[in-house]
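**Student:** Give the three-dimensional model of this entry:
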Amino acid sequence: QNGETSWWAHALIGLALVLAGVYVIANAVAATIATVALLGIVLVAVGLFEMIASFWTKGWGRFLLNLIVGAVYAAAGAVVLYNPLAASAFLTLAFSIALIIAGVVRIGLAFRFWNDLGWLLMLSGIVGVLAGFVILGGWPVTGLWVFGMVLGIDFLTYGVFWLAYAFTQRRSAAANLGGT
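**Tutor:** Next up is the predicted model:
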């Protein structure tokens with residue numbers, strides 16, 4: 001097949017992502033805790049690597065800066081791992097504020113790009129602002145499920161893309177076989 005991936009391989013990827021998305025959405029609280037715990041593990045690992053790497057830097061200033069940055073990362077990761085629910089609530093608060101700010105910026109940029117699909121940028125900004133306020137309005141309870149839900153929706157929509165792509169490739173391959 002000229003080195004191209006078969007349509008069914010794309011369909012399998014899509015199906016796996018759709019199933020994972022449905023599972024994660026159905027278990028959004030557990031997915032949120034797992035996601036935040038993974039973030040904590042990553043922060044601890046990065047912090048430890050940064051602290052170890054500090055011993056190979058030149059000069060006391062760089063050594064001390066790398067050591068402190070590593071310690072901050074590791075400490076933040078430890079705090080996240082100690083209480084992933086509280087960390088999730090804090091991260092959800094920051095996420096909702098970021099959505100609101102990004103949405104307002106996109107709304108402002110929409111006027112600059114109005115002739116180049118600015119209305120779509122404005123719509124994106126309005127959705128961001130509304131999503132931010134919905135999450136913020138339910139805070140701190142939204143901290144229990146937001147990240148799991150967002151991850152599940154991402155899996156689901158990405159899976160739908162792969163399924164659609166697979167069947168487009170299948171239809172294209174069938175048309176090429178029938179036309180030659």
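**Student:** Next one, pLDDT for residue 5 please.
**Tutor:** Listed pLDDT for residue 5 reads 67.
**Student:** same check, this time on residue 76
**Tutor:** We have a pLDDT of 95 for residue 76.
**Student:** does it sit in a helix or strand, and which one?
**Tutor:** Per DSSP states H and E, residue 76 falls inside helix 60-82.
**Student:** Could you list every helix and strand that that helix packs against?
**Tutor:** Packing partners of helix 60-82 (3 or more Cβ pairs under 8 Å, 6 or more residues apart in numbering; DSSP states H and E): helix 28-54. For glycine as for every other residue, the C-beta is placed from the backbone atoms N, C-alpha and C.
**Student:** Going by neighbour count, list what's buried in the helix it packs on.
**Tutor:** Neighbour counts over helix 28-54 (16 or more other Cβ atoms under 10 Å) mark 28, 31-37, 39-40, 43-44, 46-47, 50-51, 54 as buried.
**Student:** and it with helix 60-82, angle?
**Tutor:** In this structure, helix 28-54 runs at an angle of 160 degrees to helix 60-82, with axes from the mean of the first three to the mean of the last three Cα atoms, to 10 degrees as the basis.
**Student:** Can you tell me how far residue 140 is from residue 87?
**Tutor:** Distance, residue 140 to residue 87, by Cβ to Cβ, to the nearest Å: 12 Å.
**Student:** out of those two, which sits in the busier spot?
**Tutor:** residue 87 (22 against 13; other Cβ atoms under 10 Å).
**Student:** Spit out the contact partners of that one.
**Tutor:** Residues in contact with residue 87, defined by Cβ atoms under 8 Å, 6 or more residues apart in numbering, are 36, 39-40, 79-80.
**Student:** Could you do residue 142 as well?
**Tutor:** Neighbour list for residue 142: 92, 96, 135-136 [criterion: Cβ under 8 Å, 6+ apart].
**Student:** Can you get me a residue count around residue 109?
**Tutor:** 15.
**Student:** Actually, residue 125.
**Tutor:** 19.
**Student:** Same question for residue 83.
**Tutor:** Close neighbours of residue 83, defined as other Cβ under 10 Å, add up to 13.
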